[in-house]
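> sequence isn't available, so here's the structure alone:
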């Protein structure tokens, strides 16, 4: 029986390409891109004080463009290309049609599709890092930080864990869609960079309310729905593994949101909208390393953990640990991404189903990818404990990598331009930095001219020793 004309192979549709897989992968990549713009652009622009709306949103907008250019220039091949070291690929451009139209290293679609799909993952990682730096980082320093961090940190993490030649990939670390590479990395890197950049102005740390909760929910909604492509695209096929990953993703996120909301209602006396958004994010992050390799009931349990443990670290432990109090993390990236990503990685090592791991990794044997729960049940406890050890090894590697590399980059950038804004710029916000404002009324949209004679520009600024006020503090307040 002859194939329909639209399924016949031709020069534009070679025999190795699956049109359905290619269509889904491009759709998934677009959904992930929409998480960044407009999703996180809206979320950041609305969750900060009004005077920081433009700067916060634009940090995300800039990162999207800068990362994509660096990605096709050298980042993709350093992350997924020919091996240079056990943790890094050889730099090279991903722009030639002969390379881009060939079959991707995984999946039945062109390399061009893979470059774009992996590129939007790299983009969102840098934008998540920005969440810890809002309200005081010099924009010129951010312009330098983005390509440096992508090149020196993200590529190493991606190659080590996701590339088939990476050392952690060969050992068998499970990171289905980026719990380590994206969320743990961004949380640790953001917190580390926040340490070096220093805190916001005193008034902003003491009072930093969201300027528009309705827009915040709109941005959060885009982030949530975009996770369909985030985790659903990880199998690189329109397959049953993708379907399971999508369902588990939303089940865990919903459970986490409800858990956080219930705890707020009982412990604070009121259901917090900001708290619900935090619960949604921690649920999405926690399930990411496990989405397609755990049962649905495990996703629900992971939602309960991700809706409670990060809430505890954010609202209770944060005030009891000196380092957490001193480092100013406005979007609580450490708690919502690093803590939740760590929990997800550990729980993945416990709940991973050998059969589902086999479907995803196509592993020839069963000596890898055995969750501890199933190892204990099936008499392969040694393999289960090995998997837990590998998950912890992956966490340790990502933490050490990002503390070291992010610190080095901040010190290097600080030699070229100041890492933080002047106190005068921090007092004014958007109009001092960009000459634009986010909420101009009719007849009040004239360009703001900075008075350079303002005496505060000549002041020396010494970071005060006060307690950080992050989203967790806003919620508690």
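Good, I have the coordinates. Small disclaimer: the values here were computed from a predicted structure and weren't measured.
> mind checking how far stretch 174-192 is from the chain centre?
Distance of stretch 174-192 from its chain centroid, counting by C-alpha atoms, centre = their mean, to the nearest Å, is 6 Å.
> just use 666 as the starting number from now, easier for me
Will do, 666 is the new start, and the previous item becomes stretch 839-857.
> show me the contacts for the closest residue to residue 899 other than its chain neighbours.
When the adjacent residues along the chain are set aside, residue 899 lies closest to residue 842, with 4.0 Å between them (C-beta to C-beta, 6 or more residues apart in numbering). C-betas here are computed from N, CA, C, even on glycine. The contact partners of residue 842, by C-beta atoms under 8 Å, 6 or more residues apart in numbering, come to 895, 896, 898, 899, 910, 953, 954, 956, 957.
> can you give me the helices in the stretch 666-815 of the chain?
Secondary structure of the stretch 666-815 of the chain (DSSP state H, counting those that start in this stretch): helices located at 684-699, 706-712, 718-735, 741-745, 762-765, 776-795, 804-814.
> and the fifth one, what's buried?
Think helix 762-765. Neighbour-count burial for helix 762-765, with 16 or more other C-beta atoms under 10 Å as criterion, is recorded at 764, 765.
> so where's this protein shaky on pLDDT?
For the chain, residues meeting the criterion pLDDT under 70 lie at 666, 668, 1028-1032, 1105-1142.
> can we see that at 50?
Across the chain, residues meeting the criterion (pLDDT under 50) sit at 1107-1133.
> show me where it has its strands.
Remark: strands of the chain, listed N- to C-terminal, are 748-750, 753-754; assignment by DSSP state E.
> now do stretch 901-918: distance to the chain's middle.
Between the mean C-alpha position of stretch 901-918 and that of its chain there is a distance of 18 Å (C-alpha atoms, centre = their mean).
> now stretch 1074-1094
Per C-alpha atoms, centre = their mean, the centroid offset for stretch 1074-1094 relative to its chain is 24 Å.
> just the terminal-to-terminal distance for it.
With C-alpha to C-alpha, to the nearest Å applied, stretch 1074-1094 spans 25 Å between its terminal residues.
> cool, and stretch 854-869?
Comparing the first residue of stretch 854-869 with its last one, the separation is 22 Å (C-alpha to C-alpha).
> same check on stretch 1025-1034?
Using C-alpha to C-alpha, the end-to-end distance of stretch 1025-1034 comes out at 10 Å.
> can you check stretch 898-913 too?
The separation between the terminal residues of stretch 898-913, taken as C-alpha to C-alpha, is 13 Å.
> for stretch 843-857, same thing?
Looking at stretch 843-857, the gap from its leading to its trailing residue is 20 Å under the measure C-alpha to C-alpha.
> where is the longest helix in this structure?
helix 1046-1081 (DSSP state H).
> contact partners for residue 817?
By C-beta under 8 Å, 6+ apart, the residues touching residue 817 are 1070, 1073, 1074.
> the residues you listed into CSV, with extra columns for distance to residue 807 and neighbour count?
Output for the contacts of residue 817, formatted as CSV (distance: C-beta to C-beta, whole Å; neighbours: other C-beta atoms under 10 Å):
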residue, distance to residue 807, neighbour count
1070, 16, 21
1073, 17, 13
1074, 11, 23
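> closest to residue 811 among those residues?
Nearest to residue 811 out of those is residue 1074 (C-beta to C-beta; 9.9 Å).
> compare the helices of the stretch 666-815 of the chain and give me the one nearest residue 875.
Taking C-beta to C-beta, helix 706-712 is the member of the helices of the stretch 666-815 of the chain nearest to residue 875, at 4.8 Å.
> which secondary structure elements does the closest one contact?
helix 718-735, helix 878-897 (3 or more C-beta pairs under 8 Å, 6 or more residues apart in numbering; DSSP states H and E).
> how far off centre is the last one?
Read it as helix 878-897. Averaging C-alpha positions (C-alpha atoms, centre = their mean) puts helix 878-897 13 Å from its chain's average.
> and it, which residues are buried?
Buried residues in helix 878-897, counted by 16+ other C-beta under 10 Å: 880-885, 887-889, 891-897.
> before we move on, what about the first one?
Neighbour counts over helix 718-735 (16+ other C-beta under 10 Å) mark 718-729, 731-733, 735 as buried.
> what is the nearest of these to residue 1018?
Closest approach to residue 1018 among the buried residues of helix 718-735 (C-beta to C-beta): residue 732, at 33.9 Å.
> for that closest one, give me its contacts.
740, 784, 787, 788, 791, 811, 812, 815.
> can you do 6 Å?
By C-beta atoms under 6 Å, 6 or more residues apart in numbering, the contact set of residue 732 is 787, 788, 791, 815.
> distance of residue 948 relative to residue 772?
Applying C-beta to C-beta, to the nearest Å, one obtains 27 Å for the distance of residue 948 from residue 772.
> ok, back up a step: what's the closest of the helices and strands packed on helix 706-712 to residue 1008?
Of all those, it is helix 878-897 that lies closest to residue 1008, at 16.1 Å by C-beta to C-beta.
> tilt between the closest one and helix 718-735?
Interaxial angle, helix 878-897 versus helix 718-735 (axes from the mean of the first three to the mean of the last three C-alpha atoms, to 10 degrees): 20 degrees.
> who are the neighbours of helix 878-897, in terms of helices and strands?
Of the remaining helices and strands, those touching helix 878-897 by 3 or more C-beta pairs under 6 Å, 6 or more residues apart in numbering; DSSP states H and E are helix 684-699, helix 706-712, helix 905-932, helix 938-952.
> now tell me what touches it from outside.
By C-beta under 6 Å, 6+ apart, the residues outside helix 878-897 that reach it are 693, 696-697, 699-700, 704, 707-708, 711-712, 842, 875, 907, 910-911, 914, 938, 942, 945, 949, 956.
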